[in-house]
Structures are given as C-alpha cells and as structure tokens.
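In: The following comprises the amino acid sequence and a computationally predicted model.
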Amino acid sequence: MFNSPSYKSDSASLRIFGAFLLTGFLGLFLLSCNGSSSPAMQPPPPPPGTGGTDVTTYHNDNARTGQNLSETILTSSNVNSTNFGKLFVISVDGKVDAQPLYLGQINVGSQGAHNVLFVATEHGSVYAFDADTGSALWQVSTVPPGETTSDDHGCSQVTPEIGVTSTPVIDRKAGTNGTIYVVAMSKDGSGKYHQRLHALDVTTGAEEFGGPTDIQASFPGTGDNSSGGKVTFDAGQYAERAGLTLVNGVVYTAWTSHCDIRPYTGWLIGYDQGTLAQVSVLNFTPNGNEGSVWMAGSGPAVDSSGNIFLLDANGTFDSALNSSGFPAQGDFGNAFLKISTTNKQLAVADYFEMFNQAGENGSDEDLGSGGALVLPDLTDSSNNTRHLAVGAGKDANIYVVDRDAMGKFTPGSNNIYEEIQGALAGEVFSMPAYFNNAVYYGAVGDRIKAFAITNAKLASAPGSQTATAFGFPGSTPSISANGTSGAILWAAENGGAAVLHAYDATNLATELYNSNQASGGRDQFGAGNKFITPMVTNGKVYVGTTNGVGVFGLLH
C-alpha cells in the first residue's frame with residue numbers, strides 16, 4: 001500500500017492567590033512595554049500538585065479512543081478566540097511525527113517536580129519539556145556515535161530523514177523512576193540500517209535495562225526476503241510508523257515498508273519491557289508479500305483480555321482456507337486482525353477479510369490505511385452484551401466487527417457484524433475517536449462526522465458534521481470532557497500552515513475555535529504535519545508540527 005499524499009482555605013492560599021495576580025499584572029505590563037499583542041511566551045506554572053491526566057500512549061489509551069474524560073479546565077464555554085489561543089511553540093530539531101506524551105508532577109532530579117511533555121523527532125532526539133512553560137528539562141539522541149539518522153529511501157512519506165516516527169509508550173512504574181520506550185532508526189558508516197528499541201528513564205533520559213536493543217527477527221515462511229524456509233526482518237526495508245503498544249509487560253512494535261518498496265512482509269514483534277529481550281514474533285504474510293502495518297501512525301488497539309486488533313494493509317491473502325476457516329498458508333493481507341497475546345506469545349486468533357479482497361489488493365484500495373478502535377462493551381436490542389471494534393480504509397466504508405466472532409472470509413459477501421457502505425466521502429488515512437456512544441471519523445476531503453451508537457449499532461448516517469472539510473490525510477480527532485460534560489472535539493488540519501480546530505462534540509456544526517480566528521496571525525503555530533493528532537490534558541492542547549510543538553491554552 002502506498003501511503004501517500006485542591007486549594008487550602010487559609011492565609012497561605014491568599015498569599016498564593018496574590019502572587020498569581022501579581023504575576024499576571026507583571027505579564028501584562030511587560031506586554032504593553034514591548035508592544036506585543038501575543039500572549040506571554042512563558043505563562044506562570046500551575047499550583048503544585050495540579051498534574052492533570054497522564055497521556056502515556058497513542059490516542060490516550062490502549063483502546064485508542066482518543067478521549068480524556070478528566071479535563072476540568074478547558075470547557076465549551078471558555079474555548080474561544082477571546083479566552084483561548086496559542087501560549088507558545090516549543091522548537092525541536094526535526095519533524096514531530098510521533099504524538100507527544102505527558103506525565104503530571106514527576107520529580108526531574110535536582111530540577112524538582114514538573115508536569116512533563118515528551119517529544120520525539122525524526123532527527124532521532126527525545127526531549128522532556130516542562131509542559132506548562134516549554135522550558136527544556138533534558139534531551140537525548142537515539143543515534144549512536146558514528147551513525148546518522150536514516151535517509152528517506154527515496155520515499156516521500158517520511159522525509160528528509162527517519163529517526164523516531166512512531167509514538168513511544170510510557171510506563172510510569174517501570175524502572176526506578178518510570179520509563180519511556182522508543183523505537184529509532186539510524187544508519188552506520190558502512191551503510192547498514194538499524195532499528196533499535198530504547199528504554200529511557202523519564203527523569204533523565206538515560207538508557208535502562210541494558211538498552212538499546214537491535215530489532216532483528218525471523219519467522220517460518222517462503223515469502224519476501226526468505227531463505228532456507230525462514231523470512232528475515234531486514235531493518236533497512238522497514239519503518240516503525242504505528243505507535244508502540246504495551247500489553248502485560250511486553251512492548252509490541254508493528255512494521256511497514258518505505259512506500260511500496262519490496263521485499264517486505266507484515267511483522268508484529270514483542271519485547272519484554274524489563275529486559276528488552278525479544279519474547280514473540282508474528283508475521284502476517286510469511287508465504288507471500290506486503291501486508292504490513294501502516295494505520296496512519298495509530299497504535300494497534302487492545303481489548304481488556306489483551307488481544308491486539310489492527311488493520312493489515314494490502315498483500316497476499318490465501319483464499320484457500322483450512323478447516324478452521326483460516327488462510328491455509330497463514331497469509332492475512334488486507335485483513336482486520338485479532339491477535340492473541342496469551343502467555344506473551346503472538347498468534348492470529350480471528351480475522352475479517354472483505355469478500356472483494358482480490359480487487360482491493362490489486363487496486364491498492366486496502367483497509368490498512370486507517371486505524372482500529374476497540375469500542376466499550378455495548379448492549380444490543382436483545383439485551384446481549386456486544387464486544388465490538390471498528391475500522392475503515394481506502395474504500396470509504398466503515399466496518400464494525402464482533403470481537404468474539406469477526407466473520408473470517410466468505411466469497412461473494414461480507415460475513416460481518418455491521419458494514420456502512422459509503423459512510424465517508426473519502427479514503428481514510430486516520431483513525432476515529434470515541435465518546436459517549438458516538439464514533440467520530442475524519443476522512444480525506446471529508447467533514448468530520450459523528451456516528452451515534454444505538455443498541456450496539458452505528459447509525460448509517462452522521463448525526464452531525466463539521467462545516468470544514470479536511471484535506472489529506474483527513475484528521476484523527478481527540479476528545480476532552482469532564483465526564484460527559486463540556487465535551488470538545490479537537491482536530492488538526494494539515495497544510496502549509498496548520499490549523500487547530502475545536503468543536504462542540506455533541507454538535508459538530510458548532511465550531512468553538514480555530515487558530516485562524518484571532519487577528520494578526522496570533523495563533524499560527526507552524527506548518528502542518530500529516531498524521532498528527534492533538535493531545536489534550538491539564539488545560540492545554542499540544543500539536544506537533546514539522547519543527548516543533550504548538551501549545552494552546554487559556555490566555556488569562
């Protein structure tokens with residue numbers, strides 16, 4: 001698949017409040033002196049202990065819902081161009097393709113407690129910033145001495161260099177102080193490419209557990225890049241685009257190619273989070289080719305039993321099935337996959353394949369361009385509990401699978417829980433968000449649409465949609481809310497100048513804010529970066545760009 005184009009009520013509290021007022025007046029005085037109409041570049045830090053909600057993985061949780069239901073600062077009443085806007089932009093040394101992550105109130109050595117924003121770049125750097133002021137806490141490079149970041153392999157998808165592309169994952173309890181796991185690509189002096197898994201202390205950036213470890217793998221098969229009955233993982237042929245996934249002590253990496261440059265197949269590789277030792281390998285197309293994991297940078301989704309769900313890209317599918325209804329040669333190209341992690345071993349437990357897979361494979365109209373979302377347990381019209389997942393790709397259809405019986409492959413028809421044909425106006429190079437019985441999709445050239453869920457079924461038509469249509473690659477929305485109140489849908493619009501949008505999540509026709517509204521370009525924050533999704537926590541919104549992170553919040 002070519003993936004292109006709490007306060008105390010005493011005198012101490014009064015002193016603190018007075019200090020904040022003084023800080024605010026001082027800021028206004030300084031602004032009037034320099035003639036700037038922009039908000040202060042270094043806003044005062046929050047009171048101690050106000051850390052907000054941690055964001056430790058892509059799209060907030062392993063189900064990949066994209067929702068933060070503990071956001072009490074930003075509301076649908078105060079998010080507008082008068083009260084809300086750009087606070088500052090954090091500059092970094094490369095493209096920010098990975099979603100920034102966040103830990104509230106961690107002790108950063110002698111620097112004391114901070115709310116920390118973690119940012120990884122395509123220049124191979126990992127940064128820790130104070131999330132409220134943008135000041136640097138530490139920075140490390142994942143590129144060893146004598147090596148450089150990878151070139152782009154003649155592929156425009158990640159260019160001009162490849163360092164850290166996928167969203168890392170954090171375990172606050174791992175190691176001495178908490179650990180952030182990162183995959184980085186580099187190239188040595190002899191032209192050999194490396195993919196390495198790093199485990200970094202969140203307070204210092206120091207390597208942990210004897211890391212990094214080089215990612216190498218083989219799997220039984222006769223497909224692309226095989227020899228002697230084994231398919232070999234060639235680090236130079238692959239990119240780690242999908243976000244890292246942490247399940248039951250294992251960090252899972254999922255791989256795709258550079259453009260469609262063969263030879264390549266589909267890999268999911270797991271590493272013990274405490275030792276970085278490889279514990280399990282699965283190849284989805286071991287006796288064929290292609291069938292990799294793109295998913296527009298989204299992380300594979302995980303249910304409460306630890307099963308991994310992902311959308312595989314076009315590639316070899318064995319339509320000859322065994323007695324269990326699985327491809328006889330183990331090739332699952334273009335499938336919606338359920339992968340068991342029982343005993344930390346990977347195995348395809350179930351799947352859904354479209355009846356017209358041959359045509360879609362042949363025309364590069366695959367399912368794997370979008371990301372999968374695991375829905376919460378839902379009750380159908382017969383009072384049965386349903387375990388569902390949803391995904392969509394290039395054919396603009398929404399596919400809802402029953403995670404207990406996904407449907408497998410049937411020639412001539414789709415044996416699936418629910419399919420909404422033509423639900424979207426364009427291809428999907430993004431993933432949906434979920435909030436309060438609705439799924440939100442932003443396809444290419446399409447308006448973001450909210451599909452309500454009733455009796456465990458998605459509506460066939462959107463209940464509301466944005467006035468703005470989003471160009472390539474569409475948009476992956478995020479949701480902030482205080483429980484079910486004050487819900488806001490956030491979306492980044494790609495382009496020469498990126499645009500941050502905020503909508504009433506209960507009625508997408510109501511736009512609360514966008515970064516073009518304020519006069520004089522006040523809220524401009526940089527060039528668009530295609531697969532970026534806004535990250536929202538503790539009263540701020542963080543949006544990656546081609547050379548930094550835009551930070552938005554309340555101006556006063």
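Out: Cool, the structure landed. Residues are numbered from 1 along each chain as shown.
In: okay, and the helix or strand of this protein with the least pLDDT?
Out: Taking mean pLDDT, DSSP states H and E as the measure, the chain has helix 11-34 as its least confident helix or strand, at a mean of 38.
In: for this protein, which spans come out with low pLDDT?
Out: Scanning the chain with the threshold set as pLDDT under 70 gives 1-49.
In: at 50 instead, please
Out: Counting by pLDDT under 50, the chain has low-confidence residues at 2-46, 48.
In: what's the following helix or strand past the least confident helix or strand of the chain in contact with?
Out: Towards the C-terminus, the helix or strand next in line after helix 11-34, according to DSSP states H and E, is strand 67-68. Residues external to strand 67-68 that are found in contact with it (Cβ atoms under 8 Å, 6 or more residues apart in numbering): 53, 55, 60-61, 433-435, 478-481, 536-537. To be clear about C-beta, it is placed using only N, CA and C from the backbone, and glycine gets the same treatment.
In: Show me which residues of the next helix or strand after strand 67-68 are buried.
Out: With elements assigned by DSSP H and E, the helix or strand that comes after strand 67-68 is strand 84-91. Of the residues in strand 84-91, those scored as buried under the neighbour-count criterion (16 or more other Cβ atoms under 10 Å) are Phe84, Gly85, Lys86, Leu87, Phe88, Val89, Ile90.
In: Then stretch 369-376?
Out: Of the residues in stretch 369-376, those buried by neighbour count under the rule 16+ other Cβ under 10 Å are Ser369, Gly370, Gly371, Ala372, Leu373, Val374, Leu375.
In: Repeat that for stretch 512-523.
Out: For stretch 512-523, a neighbour-count test (16+ other Cβ under 10 Å) marks Leu512, Tyr513, Asn514, Ser515, Gln517, Ala518, Arg522, Asp523 as buried.
In: Tell me the span between the first and last residue of stretch 536-554.
Out: For stretch 536-554, the first and last residues are 13 Å from each other (Cα to Cα, to the nearest Å).
In: Can you give me the end-to-end span of stretch 431-447?
Out: 14 Å.
In: ditto for stretch 462-473
Out: Its start and end residues considered, stretch 462-473 measures 20 Å (Cα to Cα).
In: hang on, the earlier thing: ok, so of the buried residues of stretch 512-523, who is nearest Gly297?
Out: For Gly297, the closest of those turns out to be Ser515, at 21.5 Å, with distances computed as Cβ to Cβ.
In: Give me the buried positions along stretch 444-461.
Out: Residues of stretch 444-461 classed as buried: Val444, Asp446, Arg447, Ile448, Lys449, Ala450, Phe451, Ile453, Ala456, Lys457, Leu458, Ala459 (neighbour count, 16+ other Cβ under 10 Å).
In: biggest separation within these, which pair?
Out: Between all members of those, the longest pairwise span (Cβ to Cβ) is found for Val444 and Ala456 and amounts to 28.3 Å.
In: roughly how far is stretch 464-473 from the heart of the chain?
Out: Here stretch 464-473 is found 19 Å from its chain centre; the criterion is Cα atoms, centre = their mean, to the nearest Å.
In: ok, so of the buried residues of strand 84-91, who is nearest Gly205?
Out: Using Cβ to Cβ, Ile90 comes nearest to Gly205 of the buried residues of strand 84-91, at 16.2 Å.
In: Contacts only, for that closest one.
Out: Per Cβ under 8 Å, 6+ apart, neighbours of Ile90: Leu117, Val119, Phe129, Gly134, Gly548, Val549, Val551.
In: Sort out for me which of those residues are in strands.
Out: Cross-referencing these with the strands (criterion: DSSP state E) gives Leu117, Val119, Phe129, Gly548, Val549, Val551 as the overlap.
In: Same list, those residues, but as JSON lines with neighbour count and distance to Tyr417 please.
Out: Formatted as JSON lines, these follow (neighbours: other Cβ atoms under 10 Å; distance: Cβ to Cβ, whole Å):
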{"residue": "Leu117", "neighbour count": "25", "distance to Tyr417": "39"}
{"residue": "Val119", "neighbour count": "23", "distance to Tyr417": "39"}
{"residue": "Phe129", "neighbour count": "24", "distance to Tyr417": "43"}
{"residue": "Gly548", "neighbour count": "24", "distance to Tyr417": "42"}
{"residue": "Val549", "neighbour count": "26", "distance to Tyr417": "39"}
{"residue": "Val551", "neighbour count": "23", "distance to Tyr417": "41"}
